[in-house]
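> Predicted model and sequence below, questions to follow.
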Amino acid sequence: MVLGDVDGFRIVASFSELKGKPIVIGESDPEGLEVKSSGEVGLDTILAKGVRSAPDVAALAALDGNIVSILIWHYHDDDIPGPDANVALDLSGLAAPAGRVLMHHYRVDRHHSNAYEAWKQMGSPQHPATDQYVNLERSSRLALLDSPEWMRAEGGMLKVRLTLPRQAVSLLRFELRQAPAEDPKGS
């Protein structure tokens, strides 16, 4: 799987039969999974200097049965506004029946799946009222960014483009399975 190059951020991964093993960026798996990012800040730099100049745009990936999960992040030590990362994700080596893949895109950022931001917006109460607590609990749940989407893998390859805000994380789950007879999005 190659997570491609848009505006300088490139993430690459290749999948073979991994039997659910998580793979960390920078490690080479003997069975063939590889994940790389042109926007990654190396571990030695992070340990020595932190993430102070360029942001860290990178990913982790795992295969569990017929589900490929990819966690992509856009991080900087300074929690201040900055430009979004345009990420090109090119996957290869997918064993998708009939080329059909169902993608679920979950997001954690200032507006999604973030109880801390919800707490700040309600004035940072030290003892939230019952309705505030319910809202905080709802805000803490992992949320879909969009409705699940059927995509077509051609020759075991799939291209996904996304914009990732600074200080955000996206979890992409790709289900490799047969599509329903009627595709709601018509792809």
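Arrived safely. Numbers count the residues shown, from 1 in each chain.
> which one's the longest helix in the protein?
helix 130-139 (DSSP state H).
> mind exporting that helix as CSV, just the C-alpha atoms?
Taking C-alpha atoms only, helix 130-139 is exported to CSV below (Å, rounded to 0.1, in the frame of the first residue of the first chain):
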residue,chain,number,x,y,z
THR,A,130,-26.2,16.3,34.3
ASP,A,131,-26.9,17.6,30.8
GLN,A,132,-23.3,18.8,30.5
TYR,A,133,-22.0,15.4,31.5
VAL,A,134,-24.3,13.7,29.0
ASN,A,135,-22.9,16.0,26.3
LEU,A,136,-19.3,15.3,27.3
GLU,A,137,-19.9,11.6,27.2
ARG,A,138,-21.5,11.9,23.7
SER,A,139,-18.6,14.1,22.6
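> element containing the residue lying closest to Trp73 once chain neighbours are set aside?
Closest residue to Trp73 apart from its sequence neighbours, by C-beta to C-beta, 6 or more residues apart in numbering: Val169 at 4.7 Å. Heads up, the C-betas are built off the backbone N, CA and C, glycines and all. Under the criterion of DSSP states H and E, Val169 resides in strand 168-176.
> what does Glu117 give?
helix 115-121.
> what's the spacing between that helix and its chain's center?
22 Å (C-alpha atoms, centre = their mean, to the nearest Å).
> before we move on, the earlier item: could you pull up the residues touching the residue nearest to Trp73?
71-74, 107-109 (C-beta atoms under 8 Å, 6 or more residues apart in numbering).
> Just the closest of the residues you listed to Ala61, please.
Leu71 (7.6 Å; C-beta to C-beta).
> how near is that closest one to Arg100?
From Leu71 across to Arg100, the span is 23 Å (C-beta to C-beta, to the nearest Å).
> repeat for Val57
29 Å.
> Quick one: neighbours of Asp44, just the number.
8 (other C-beta atoms under 10 Å).
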